[in-house]
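Q: structural data only, the sequence is not supplied:
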């Protein structure tokens with residue numbers, strides 16, 4: 001890997017070296033005493049690493065007091081600059097960048113770096129940002145990062161020596177506009193997906209909070225429930241004891257018996273269609289047969305260092321044949337007939353609701369840094385149980401919302417793939433953009 005290797009490009013493009021064509025400056029440093037969590041007299045807002053995401057996120061800012069006017073002027077975030085992560089414990093974050101499209105009234109922190117093409121370089125800020133955000137450049141910056149104490153740092157010498165190619169300014173502008181259009185479509189799809197997630201949250205809140213009421217459920221159980229609803233301990237809804245999974249040695253590659261990581265349990269599902277969630281265990285068939293999963297099984301996370309994951313439930317969908325469930329989970333079998341019948345999909349919704357999860361956290365115990373729930377805890381968790389018809393209604397509505405969310409997520413993934421391929425093809429000249437055509441479209 002050589003920093004002087006530019007991406008492939010047409011013969012009519014120019015090349016430039018970052019250190020010669022780009023202005024680079026580091027962020028502002030400060031002491032703990034200068035920090036304020038909200039606006040403060042004469043304090044200046046500052047962005048940090050958490051603000052550098054897909055876009056520049058400004059929801060969580062620090063305010064700094066006692067800065068000298070010269071520092072404020074030099075470390076200000078300005079229009080046309082790319083702000084990138086310079087230091088982070090996760091080396092994959094090194095080089096992650098956002099573009100500042102408008103002048104704003106805040107500074108950037110010391111773990112960030114700002115970069116902008118020099119006025120005489122012939123490079124537009126928007127094109128430079130697109131080059132900086134390309135997968136190839138991001139991989140170079142992550143791989144070349146330095147540090148030996150767990151904190152990765154951008155290699156400034158490597159970055160300054162990097163060479164990149166660029167066309168004439170009108171084509172640079174056209175390339176940036178094409179990728180801006182893809183980003184706008186991505187933003188629109190993400191906004192729609194967030195709206196559907198909020199709808200899903202509101203639907204479950206309607207059935208759980210509004211039907212039972214937080215105070216009715218947590219503090220005043222004597223308050224009258226809706227007709228046919230009951231509050232029952234999970235133990236009364238099961239056909240057998242909850243059963244922990246098995247904990248054999250596991251690897252990311254076959255051969256072995258397929259199992260899965262905790263990342264598979266999310267959004268009410270045990271998602272084994274994502275191969276990165278699948279592991280392979282060294283275990284005999286005789287033992288593995290005791291821990292095989294079936295489609296429709298309900299599994300609950302029984303232990304994790306992250307309290308947000310403990311007690312989360314998922315229902316098994318598609319899975320590799322012969323898959324076993326790991327020791328991090330418990331298999332729970334609900335009654336499917338009789339007075340205390342519970343639909344598995346409804347049980348998962350109930351278990352994942354904040355009201356129920358708060359019960360789990362109150363009962364969970366910490367052991368060696370891991371929060372765990374045992375069988376007794378599981379059986380004592382109280383669930384709101386409506387009549388079976390209401391269970392069907394709740395799960396069908398949520399399923400319809402989830403279906404819409406799946407469509408939007410597929411659209412987001414498709415746009416991400418399009419952006420990735422387009423970025424490479426445009427930045428290497430494999431696909432050329434006619435600036436005149438874009439101008440005609442804009443005029444129309």
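A: Now that the structure is in, tell me what you want to look at. Quantities reported herein were computed from a predicted structural model and do not represent experimental measurements.

Q: all strands for the stretch 301-444 of the chain, in order.
A: 303-304, 313-316, 329-332, 365-367, 370-372, 382-385 (DSSP state E, counting those that start in this stretch).

Q: out of the ones you listed, deepest packed?
A: Greatest average neighbour count among the strands of the stretch 301-444 of the chain goes to strand 329-332 (a mean of 24), per mean count of other Cβ atoms under 10 Å. C-beta: built from backbone N, CA, C; applies to glycine.

Q: so for it, mean pLDDT?
A: Mean pLDDT, strand 329-332: 92.

Q: and if you look at stretch 412-419?
A: 95.

Q: in it, which residues are buried?
A: 412, 415, 419 (16 or more other Cβ atoms under 10 Å).

Q: now the second one. Nearest residue, chain neighbours left out?
A: It refers to residue 415. Once flanking residues are discounted, residue 415 sits nearest to residue 186: 4.8 Å by Cβ to Cβ, 6 or more residues apart in numbering.

Q: same deal with the last one?
A: In space, not counting the residues next to it along the chain, residue 419 is nearest to residue 182; the distance is 4.7 Å by Cβ to Cβ, 6+ apart.

Q: burial of residue 248, as a residue count?
A: 20 (other Cβ atoms under 10 Å).

Q: secondary structure class for it?
A: coil (DSSP: H, G, I helix; E, B strand; the rest coil).

Q: I'd say it and residue 281 touch.
A: Yes: in this structure, residue 248 is within contact of residue 281 by Cβ atoms under 8 Å, at 4.2 Å.

Q: next, show the common contact partners of the two.
A: 257, 259 (Cβ atoms under 8 Å, 6 or more residues apart in numbering).

Q: I'd like to know how far residue 307 sits from residue 379.
A: From residue 307 across to residue 379, the span is 20 Å (Cβ to Cβ, to the nearest Å).

Q: show me what contacts the closest residue in space to residue 307 that isn't next to it in sequence?
A: Excluding the flanking residues, the one nearest residue 307 by Cβ to Cβ, 6+ apart is residue 371, at 5.4 Å. Contact analysis of residue 371 by Cβ under 8 Å, 6+ apart lists 303-305, 307, 310, 361, 364-365.

Q: if you set the cut-off to 6 Å instead, what comes out?
A: 307, 310, 364 (Cβ atoms under 6 Å, 6 or more residues apart in numbering).

Q: gap between the nearest residue to residue 18 once chain neighbours are set aside and residue 137?
A: What sits nearest to residue 18 in space, not counting adjacent residues and going by Cβ to Cβ, 6+ apart, is residue 162, at 4.8 Å. Counting by Cβ to Cβ, the gap between residue 162 and residue 137 amounts to 7 Å.

Q: more crowded one of those two?
A: residue 162 (22 against 19).

Q: so that one is in contact with residue 19, correct?
A: No: counting by Cβ atoms under 6 Å, residue 162 stays clear of residue 19, with 8.3 Å between them.

Q: low pLDDT regions in the stretch 1-150 of the chain?
A: Within the stretch 1-150 of the chain, the segments meeting pLDDT under 70 span 1-6, 148-150.

Q: which stretches of it form strands?
A: Going by DSSP E, counting those that start in this stretch, the stretch 1-150 of the chain shows strands at 14-17, 22-26, 35-36, 44-47, 62-64, 82-85, 87-88, 97-99, 107-108, 112-117.

Q: for residue 255, find the nearest of those strands.
A: strand 87-88 (36.5 Å; Cβ to Cβ).

Q: run the chain-centre distance for that closest one.
A: 19 Å (Cα atoms, centre = their mean, to the nearest Å).
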